[in-house]
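Asker: Sequence and predicted structure below; questions after.
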Amino acid sequence: MDEGHQRVIINIAGLKFETQLKTLHQFPETLLGDPEKRIHYFDSMRNEYFFDRNRPSFDGILYYYQSGGKIRRPANVPIDVFADEITFYELGEEAMDQFREDEGYIKDPITLLPSNDFHRQFWLLFEYPESSSAARGVALVSVLVIVISIIIFCVETLPEFRDEKELKHESNNVTKAVMVSNTFTDPFFMIETACIIWFSFELLVRFIVCPSKTEFFKNIMNIIDIVSIIPYFVTLTTELIQHSELNGQQNMSLAILRIIRLVRVFRIFKLSRHSKGLQILGQTLKASMRELGLLVFFLFIGVILFSSAIYFAEVDEPQSHFSSIPDGFWWAVVTMTTVGYGDMCPTTPGGKIVGTLCAIAGVLTIALPVPVIVSNFNYFYHRETENEERQVLPREIEKILTNAVMGNGSIDSLNITDENFSQEKKKKY
């Protein structure tokens with residue numbers, strides 16, 4: 001008989017299994033696939049291989065050979081027991097990883113940590129809020145400072161909180177009023193300064209102790225942190241330069257400063273470092289860029305088409321709001337997005353027909369790609385929820401799986417008899 005078709009008997013604690021040698025030889029690096037390894041368990045008296053191991057687990061081990069590398073844990077075998085059996089039979093790292101994945105074990109992502117112990121402690125403190133109680137405290141302070149900064153940004157625009165004086169100067173025989181605030185004595189400026197001190201300190205510490213300066217600047221959150229503090233220093237520099245003098249460029253400076261100060265609103269994105277919801281939203285938008293691009297493209301086509309149609313439909317109407325095709329862009333956008341602002345509306349029958357078609361086309365245009373975006377959001381949301389639930393798995397099981405991978409599993413500890421196994425099964429269920 002061909003050696004490959006020769007049958008072999010494997011005795012697992014009294015329960016005999018029979019298979020062909022060619023089945024075992026598919027994986028020559030394993031205990032059963034390597035003749036030199038399995039010969040130590042050969043019983044010449046009975047012409048069989050004897051293993052004093054857990055019997056129910058061997059169904060899954062033998063299936064691994066029969067299926068060509070698919071590992072499946074029998075339903076009546078505990079996870080830790082089967083993990084040790086995989087280690088004992090030397091199925092390898094790939095089989096263990098497959099088993100972990102099938103069991104829902106979440107593999108920790110590869111995390112770069114500073115080599116310096118002192119730097120590592122500060123990196124964990126500022127970058128990983130869940131690493132310690134102190135890190136959670138730092139995260140709480142950071143969130144509070146962000147919230148205070150955003151509140152100040154909004155409240156300082158209220159008329160009753162604006163401490164401004166009106167100065168007049170003439171240019172080309174035209175008198176202009178310039179509103180200048182007492183910046184350095186403004187309480188809002190002082191609070192803003194305190195917030196910026198914290199943001200700058202946090203950013204500087206994370207930059208100094210980060211494991212990779214290149215990766216630091218590739219991180220979108222770090223870019224947001226940098227952008228969010230730049231307006232303060234630009235404003236401060238401009239105020240210092242122009243504090244004692246108003247010149248002809250003051251109006252331009254104020255306009256530029258207002259634009260720069262608007263960038264402060266991006267600080268709200270700093271909360272995403274501490275918010276899973278915002279992270280999920282960011283992942284959804286990133287995964288839906290193609291659909292968002294299609295949506296913008298469809299809207300662009302619709303705006304051009306219907307703004308042209310409404311112009312020619314209303315061109316002969318004396319009271320028409322549409323004096324040109326570009327004037328119809330705004331109307332087409334608010335109509336296609338079903339906002340219906342109402343500042344511009346058609347008055348002729350032809351214009352109303354165009355408006356009706358524009359609204360219907362807008363609903364269809366938006367409805368087509370939106371379900372894909374919603375589907376992506378649901379995917380990331382449920383994945384995050386499932387990850388959190390799976391991370392609640394007993395810590396003992398994760399430690400056992402890790403020990404099994406490292407080869408620290410006990411060989412003798414799994415000689416479980418049927419009676420003991422039945423008791424374990426009753427406890428489990």
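Answerer: Noted; the coordinates are in hand.

Asker: Show me the longest helix that occurs in the chain.
Answerer: Longest helix in the chain by number of residues, with DSSP state H as the criterion: helix 289-314.

Asker: Contacts only, for the closest residue to residue 26 other than its chain neighbours.
Answerer: The shortest distance from residue 26 to any non-neighbouring residue, by C-beta to C-beta, 6 or more residues apart in numbering, is to residue 65 (6.1 Å). Glycine gets a C-beta too; all of them are placed from N, C-alpha and C. Residue 65 makes contact with 19, 23, 24, 26, 27, 32, 33, according to C-beta atoms under 8 Å, 6 or more residues apart in numbering.

Asker: Neighbours of residue 91, how many?
Answerer: When counting by other C-beta atoms under 10 Å, one arrives at 24 neighbours for residue 91.

Asker: now residue 355
Answerer: Close neighbours of residue 355, defined as other C-beta under 10 Å, add up to 20.

Asker: Now do the buried residues in the helix or strand it falls within.
Answerer: Taking DSSP states H and E as the criterion, residue 355 maps to helix 349-367. Using 16 or more other C-beta atoms under 10 Å as the test for burial, helix 349-367 gives 351, 354, 355, 358, 359, 361, 362, 365, 366.

Asker: possible to save those as TSV with distance to residue 284 and pLDDT?
Answerer: Below are the buried residues of helix 349-367 laid out as TSV (distance: C-beta to C-beta, whole Å; pLDDT from 0 to 100):
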residue	distance to residue 284	pLDDT
351	38	90
354	35	93
355	33	92
358	29	93
359	27	92
361	26	93
362	23	92
365	20	89
366	17	87
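
Asker: so which of these comes closest to residue 76?
Answerer: Residue 76 has its nearest neighbour among the buried residues of helix 349-367 in residue 366, at 52.2 Å by C-beta to C-beta.

Asker: Now do that closest one against residue 359, distance only.
Answerer: The gap separating residue 366 from residue 359 is 11 Å, by C-beta to C-beta, to the nearest Å.

Asker: Ok, residue 212 next?
Answerer: 52 Å.

Asker: can you check residue 318 too?
Answerer: For residue 318, the distance to residue 359 - C-beta to C-beta - is 25 Å.

Asker: Residue 44 - how many residues pack around it?
Answerer: So residue 44, with other C-beta under 10 Å, has 6 neighbours.

Asker: Give me the pLDDT value at it.
Answerer: Predicted confidence (pLDDT) for residue 44: 88.

Asker: mind listing what it touches?
Answerer: With C-beta under 8 Å, 6+ apart as the criterion, no residue contacts residue 44.

Asker: for the residue located most distally from the centre of the chain, helix, strand, or coil?
Answerer: Largest separation from the mean C-alpha position in the chain: residue 45, at 60.9 Å (C-alpha atoms, centre = their mean). Following DSSP: H, G, I helix; E, B strand; the rest coil, residue 45 is assigned to coil.

Asker: Check residue 70 too.
Answerer: Classified using three-state DSSP, residue 70 is coil.

Asker: What of the one 5 residues further on?
Answerer: Residue 75 falls in the coil class when you classify it by three-state DSSP.

Asker: Looking at the buried residues of helix 349-367, spot the one nearest residue 115.
Answerer: Using C-beta to C-beta, the buried residues of helix 349-367 come closest to residue 115 at residue 366, 51.1 Å.

Asker: Sounds good, over and out.
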